[in-house]
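Engineer: quick one, what's the 3D model for this:
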Amino acid sequence: MIVPLDEGIRELVRDGDTVALEGFTHLIPVSAGHEIIRQGRRDLTLVRMTPDVVYDQLIGAGCARKLVFSWGGNPGVGSLHRFRDAIQNGWPVPLEIEEHSHAGMANRYVAGASGVPFAVLRGYTGTDLIGQTANIKTVTCPFSGEELTAVPAVNPDVTIVHAQRADRAGNVQMWGITGVQKEAVLAARRSLVTVEEVVDELDPVPGQVILPSRVVTAVAEVPGGARPSYAHGYYSRDNGAYQAWDLISRDREAFENWLETDVFGGRPADAAREGGRH
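Structural biologist: Next up is the predicted model:
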């Protein structure tokens, strides 16, 4: 099903949902994140291996109550200041966190996509995450007796990813660095894929990942939907935007001004958020 972006978010993302917006330096669904802000979604559990600027924006806009992740930062620049403000000062709302390793998060998605309740790995051995995170448990291998760690599958209510192309039947094609987008979509109950363009036919590309229409709930054509991250074959990463975000996000007033101008198009942020809520 091909829909406008606002309709896709309105139908698929609900208050209180567990939402994954995946993409690893590449094909990050930034426009979809901004539409979630515009529609005033609240109490979301945000899941992502590497939350960066778009999650900083969602947190600063008050959309999130919890973050499940393995690393967070403004890549190549520094900290996520809206994230830090939520953790340290509870602004605009308190934020609960659940921290994992990269391997742990990837294996949680794989378990969710595979329909099994948990994943087993060695990656947490020797770390203090086991004692800090309730969703990491030790288990004993029934065959060798080796002590391992287990993490529960993650099955988002909705996964949102960005890709280069989809055809009119809703089959999605992506290539380049693809991270865990495929697994995150397969693990989810609902999925929305934003794409650079909808085409009549998907011409094969080396290294492509195809998401068949049967696993995709909806597709939205959103040219430039990954900016300021990059879309291989379409546009480059906007490094200046990441540097600029560091200054914008350090100050609450500057951030609120950014929301009004860049996300709400000049409307007061509070009024626009209330108008978009369901």
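Engineer: which stretches in this protein count as strands?
Structural biologist: With strands called from DSSP state E, the chain shows them at 18-21, 44-48, 64-69, 96-99, 118-121, 137-140, 147-152, 158-167, 172-174, 190-199, 209-211, 218-221.
Engineer: now these in a markdown table, with distance to Leu27 and mean neighbour count?
Structural biologist: All C-beta atoms are positioned from the backbone trio N, CA, C, and that covers glycine. As requested, the strands of the chain are exported to a markdown table (distance: least, CB to CB, whole Å; neighbours: other CB atoms under 10 Å):
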| stretch | distance to Leu27 | mean neighbour count |
| --- | --- | --- |
| strand 18-21 | 11 | 26 |
| strand 44-48 | 13 | 24 |
| strand 64-69 | 18 | 20 |
| strand 96-99 | 24 | 15 |
| strand 118-121 | 24 | 17 |
| strand 137-140 | 33 | 12 |
| strand 147-152 | 25 | 17 |
| strand 158-167 | 4 | 26 |
| strand 172-174 | 6 | 25 |
| strand 190-199 | 9 | 22 |
| strand 209-211 | 10 | 17 |
| strand 218-221 | 14 | 23 |
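Engineer: nearest to Ser229, out of the ones you listed?
Structural biologist: Smallest distance to Ser229 across the strands of the chain (CB to CB): 8.3 Å, for strand 158-167.
Engineer: circling back to that earlier point, can I get the strands of the chain in a markdown table with distance to Glu256 and mean pLDDT?
Structural biologist: Converted to a markdown table, the strands of the chain look like this (distance: least, CB to CB, whole Å; pLDDT from 0 to 100):
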| stretch | distance to Glu256 | mean pLDDT |
| --- | --- | --- |
| strand 18-21 | 22 | 98 |
| strand 44-48 | 20 | 98 |
| strand 64-69 | 17 | 98 |
| strand 96-99 | 23 | 96 |
| strand 118-121 | 40 | 96 |
| strand 137-140 | 41 | 94 |
| strand 147-152 | 37 | 96 |
| strand 158-167 | 25 | 98 |
| strand 172-174 | 34 | 98 |
| strand 190-199 | 26 | 98 |
| strand 209-211 | 37 | 96 |
| strand 218-221 | 27 | 98 |
